[in-house]
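Asker: fold the following, please.
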Amino acid sequence: MIRIGHIDFINAIPLDIEDSHPRLDFIKVSAVPSLLNKMLLNNDIDISMVSSAFFLRHTDTLIRIGNFGIVSNGPVMSVLLLSNIDLTGIPRTYAIKVYETPKSATSVILNRLILKHNFGLENISFSDQKDAHACLLIGDEALGKLVAGTYPHIYDLGMEWKRWTGLPMVFAVLAANINALKEKKDDLETYIKILEERYRESKSNMASLVERAEKRVSLPRELLFKYYNCLQYEIGEKEDKSLALFHELTKELLSGKETDETSSQTKQKI
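Answerer: Just a heads-up that it's a prediction; the model follows:
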């Protein structure tokens, strides 16, 4: 039996297999990315989509398997920095408070890179959501805020990365615990084959994919179609190049000087 981690957001529906399958004995654990990261590292699950930043820190324990990931080549729509102020129109030294969701590792690091590079901000502290000028949200929650329109300024971090680097942004990769790969190699290979079949089905029938999403969230149908057209799920040459650049740009953060899941409650500045 293998233990499969599944991201509990609608962006992972195209890579979600049934709760049972005649060719594979497995259990499925659904959770937010930050929890799945820890579970995979601790060998509590065998394989999962994990945050790219987390994977890059733990390549001694985690290994990519297959070529699946969660990618955007421009807007991602569900990794958003939502702000009450125009971040492009304030002085570099303006004291800005930012809330960062605890649900993600990659998005937190990407957000800090974007704040410094794209917006040139230097005086940033991290606070509770109620005290923040801007909030980093991900997944279904971010999509809901996008529809609600409660923030006057919305910055899509997938688009910001594309604008900066010219490359797609790889938010997550499919990885296995190296011990699981040694002990359950055949089962993991079977899972990858089933996943490939499932992905081909999802890709060929967008209407069915949207219908599955509508059972999970109350979002406009047209927005869901747009959302799935923004997302990509395969990692190729450009995506590998993007991962390498992301790793290079964040070596200090990824070296252990900050925690894996950077707390939104800390008051440190960058």
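Asker: determine how far stretch 35-51 lies from the middle of the whole chain.
Answerer: 14 Å (C-alpha atoms, centre = their mean, to the nearest Å).
Asker: list the buried ones in it?
Answerer: Across stretch 35-51, burial judged by 16 or more other C-beta atoms under 10 Å covers 35-41, 45-51. Where you see a C-beta, it was placed from the backbone N, CA and C, and this is true even at glycine.
Asker: okay, now the unreliable bits of this protein?
Answerer: Within the chain, the set of residues satisfying pLDDT under 70 comprises 252-270.
Asker: hey, where'd the strands end up in it?
Answerer: Assigned by DSSP state E, the chain shows strands spanning 2-7, 26-31, 47-51, 62-72, 79-83, 96-100, 124-126, 134-138, 153-156, 169-177, 231-234.
Asker: include distance to V217 when you put these into CSV, please.
Answerer: Output for these, formatted as CSV (distance: least, C-beta to C-beta, whole Å):
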stretch, distance to V217
strand 2-7, 14
strand 26-31, 15
strand 47-51, 19
strand 62-72, 17
strand 79-83, 15
strand 96-100, 22
strand 124-126, 28
strand 134-138, 14
strand 153-156, 18
strand 169-177, 19
strand 231-234, 15
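Asker: rewinding a little: of the buried residues of stretch 35-51, which pair is most distant in space?
Answerer: Greatest spatial distance among the buried residues of stretch 35-51 (C-beta to C-beta): D46 and S51, at 17.3 Å.
Asker: can you tell me how far the residue nearest the centre of the chain is from L231?
Answerer: Geometric centre of the chain, nearest residue: F171, 4.0 Å, by C-alpha atoms, centre = their mean. Distance, F171 to L231, by C-beta to C-beta, to the nearest Å: 9 Å.
Asker: show me whatever sits in contact with both of those two.
Answerer: Counting by C-beta atoms under 8 Å, 6 or more residues apart in numbering, the contacts common to F171 and L231 are 70-72, 76.
Asker: what's the closest of the residues you listed to K182?
Answerer: Using C-beta to C-beta, I70 comes nearest to K182 of the shared contacts of F171 and L231, at 26.0 Å.
Asker: which strand residues bridge that closest one?
Answerer: Taking DSSP bridges as the rule, I70 bridges to A172.
Asker: that one against A172, yeah?
Answerer: Yes: if you go by C-beta atoms under 8 Å, I70 and A172 touch, sitting 4.2 Å apart.
Asker: which residues do those two both contact?
Answerer: With contacts defined as C-beta under 8 Å, 6+ apart, the residues shared by I70 and A172 are 7, 49.
Asker: which ones are touching the residue nearest to the centre of the chain?
Answerer: 51-52, 69-72, 76, 79, 106-107, 158.
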